[in-house]
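This is a predicted model, with the sequence first.
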Amino acid sequence: MVRLSSNRFHWMGGRRQSEAFLVAVLIVGSATLLVTAALTMIGSKVPIEITSGPSMARLEQEGRVNAPKSASPVGLDVDLPLSERFARAAERVQPAVVNVSTERVLGPAEQELEMMERFFEQFFGQMVPGQSRRSLGSGVIVDETGLIVTNYHVIQQASEIKVQLASTATADYEAELVGVDPLTDLAVIRIEDTKDLPAVEMGDSDELRIGDWVLAIGNPFGVGQTVTAGIVSATSREIGQGPYDDFIQTDAAINPGNSGGPLVNLEGEVIGINSNIVSGTGGNIGIGFAIPSNLTRRIYDDLIEHGGVTRGWLGISMQELTPALAEGFGLPKPRGVLVAQVVGEDSPAGEAGLEAGDVIVRFAGETIDSLRELGAVVADTAPGESVSVELYRDGKLERTNVTLSERDVAGATPRAIPGSDEGGGHGRLGVRAQTLTPRGSAQMGLSHRPGVVVENVVPNGPAAKAGLQRGDIIREADRQIVESVEELADILSAAGEEAKLLLLVERIQGGESRQTWVVVEVSTP
């Protein structure tokens, strides 16, 4: 390459010397071009470094991932055209991507709530109350024995789960549920009676950079397995889906039906599980979100070993520290997380002496700058473990230790609402529920007030037909405030035979709380 820094030449000698010098330059330049062309023809190339994602070799060397069981590394040959690298990465992962279909019964209230609240949902037109509804999603085989990772919302409340392999498009396999984690929207299911299933390699999502190429694979709108390409638009995105938001944002086309499918780098490694989109129409507009593979791996391990996820619980309500609040609390800058409320003296925070107005700046040796950081480190701390806490109180730095307990929904054992024993021990209403405690309210991100939390709903029972779901909070029944399971049972008994019970129900979805009135038709006790 010859760089021209000026369009003017300055000669140091006379005209003949200048002409001779110019001829020499032309001869040397021509010779250089001929030599370069010859070297190119015999395959001699200058090495070029392209970094489009994490290096599999480096990850294997550090022991963070296992070596691939099949197929040679893809995406590493920089001499290949980009389209060829896309094709090889897709070919490596596609055999392990599955179609997940579910069936469940919907009541009229649930139909309305889902259509209003879920921004990532595939619609199937007008539905008759109580009819079976089939929905479609995707999943990815992560173990050759038949273990599959998908989204929780894909299999939520499903009475039947079926899986279709990429290699057997005409056959369905019955799947069993291994475990779910609604807080991260992840689930693990299993299919059996299969041999030598293709399984993906999980990459290191912490190595992702904005601008890296990625592929999204899944079954959008039920049209069949589809691959789209894009880049990583952002990492560590918070989108208001819950306390553990940590999403990869991509502009690879993601549509309804892609949920649970893999986001793949050009080395053929899964670096995310596609989960959500932002859309005003239900279709792709270039803003999609995936759960990072490192978070997926941690949740998967817990679900396989325990059937659920164990998280630490501190027992506080948290609040972001704004510059105005920092000034009000006498702090030099807005660093840390403000304790808005301590949930009871018997909570871990209460026993450690934490108070409302404290500003936590370090927890378990980690610097804390945001609610998400504190929530993540608390969740990752094992219940029963004692950790150090640094906090500002009245402008002074103090240190203490806190022993975490285990996070649960409401801190009580679910019970059936009394009445006839229809529904297998779920009572006349067709639910098992528990009284909402102050601790339970705090863990759900709510200010405490009376209510009853629904822990389980009988499929096709009275509550299910009305649209009640696990996690709903019954606040009122027949215009009376419900303070306990016992009070709800009393109201139900007083309603008499063939009663229509008017319930005020609160539901937490998408990080927001909404209330709605529903009517439950209960039969004779």
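Cool, the structure landed.

What distance do you get for residue 255 to residue 163?
Distance, residue 255 to residue 163, using Cβ to Cβ, to the nearest Å: 20 Å. All C-beta atoms are positioned from the backbone trio N, CA, C, and that covers glycine.

One more: residue 305?
As defined by Cβ to Cβ, residue 305 lies at a distance of 22 Å from residue 163.

Assumed residue 465 was part of a helix.
Yes. With DSSP: H, G, I helix; E, B strand; the rest coil as the criterion, residue 465 is assigned to a helix.

burial count for it?
Each residue near residue 465 was counted by other Cβ atoms under 10 Å, and the total is 22.

swap in the one 4 residues further on?
Using other Cβ under 10 Å, residue 469 is surrounded by 20 other residues.

so it touches residue 507, yeah?
Yes. Shown here, residue 469 and residue 507 form a contact pair, counting by Cβ atoms under 8 Å, at 7.1 Å.

give the contact list for the residue positioned nearest the centre of the chain.
For the chain, the residue lying nearest the average C-alpha position, counting by Cα atoms, centre = their mean, turns out to be residue 291 (4.0 Å). Contact analysis of residue 291 by Cβ atoms under 8 Å, 6 or more residues apart in numbering lists 184, 185, 186, 246, 247, 248, 272, 273, 275.

element containing the first one, please.
Counting by DSSP states H and E, there is no helix or strand that carries residue 184.

That one and residue 295 touch, don't they?
Yes. Counting by Cβ under 8 Å, residue 184 sits close enough to residue 295 to count as a contact (6.5 Å).

how about residue 222, phi and psi?
Backbone torsions of residue 222, given as degrees, to the nearest 10, read phi 70, psi 20.

Of the contacts of residue 291, which is the nearest to residue 346?
Nearest to residue 346, judged by Cβ to Cβ, of the contacts of residue 291 is residue 184 at 28.1 Å.

tell me the pLDDT at the closest one?
With respect to pLDDT, residue 184 has a value of 88.

what's the answer for residue 322, then?
At residue 322, the pLDDT recorded in the model is 85.

Look up the closest residue to it, ignoring the ones flanking it.
Leaving aside its chain neighbours, residue 322 sits nearest to residue 334 (6.0 Å; criterion: Cβ to Cβ, 6 or more residues apart in numbering).

Next, count neighbours for the one you found.
A count of neighbours around residue 334, defined by other Cβ under 10 Å, yields 17.

separation between it and residue 190?
Between residue 334 and residue 190 the computed distance is 47 Å (Cβ to Cβ).

Repeat that for residue 80.
With Cβ to Cβ as the criterion, residue 80 and residue 190 are 37 Å apart.

These two: which is more packed in?
Just comparing residue 80 and residue 190: by other Cβ under 10 Å the higher neighbour count belongs to residue 190, 18 against 15.

Okay, now the unreliable bits of this protein?
Within the chain, the ranges that satisfy pLDDT under 70 run 1-78, 104-134, 169-170, 240-243, 280-282, 408-426, 443, 445, 509-512, 523-525.

first to last residue in stretch 385-399, what's the distance?
As for stretch 385-399, its first-to-last residue distance stands at 17 Å under the measure Cα to Cα, to the nearest Å.

Pull out the buried positions in that stretch.
If you call a residue buried by 16 or more other Cβ atoms under 10 Å, then stretch 385-399 has these buried ones: 387, 389, 390, 391, 392, 393.

before we move on, what about stretch 193-206?
Along stretch 193-206, these residues count as buried under the neighbour rule (16+ other Cβ under 10 Å): 197, 198, 199, 200, 201, 202, 203, 204, 205.

which one of the residues you listed sits closest to residue 323?
Distance to residue 323, by Cβ to Cβ, is smallest for residue 205 among the buried residues of stretch 193-206, at 32.1 Å.

From residue 202, how far off is the closest residue to that closest one other than its chain neighbours?
In space, and not counting its chain neighbours, residue 205 is closest to residue 292: 3.7 Å by Cβ to Cβ, 6+ apart. According to Cβ to Cβ, residue 292 and residue 202 sit 10 Å apart.
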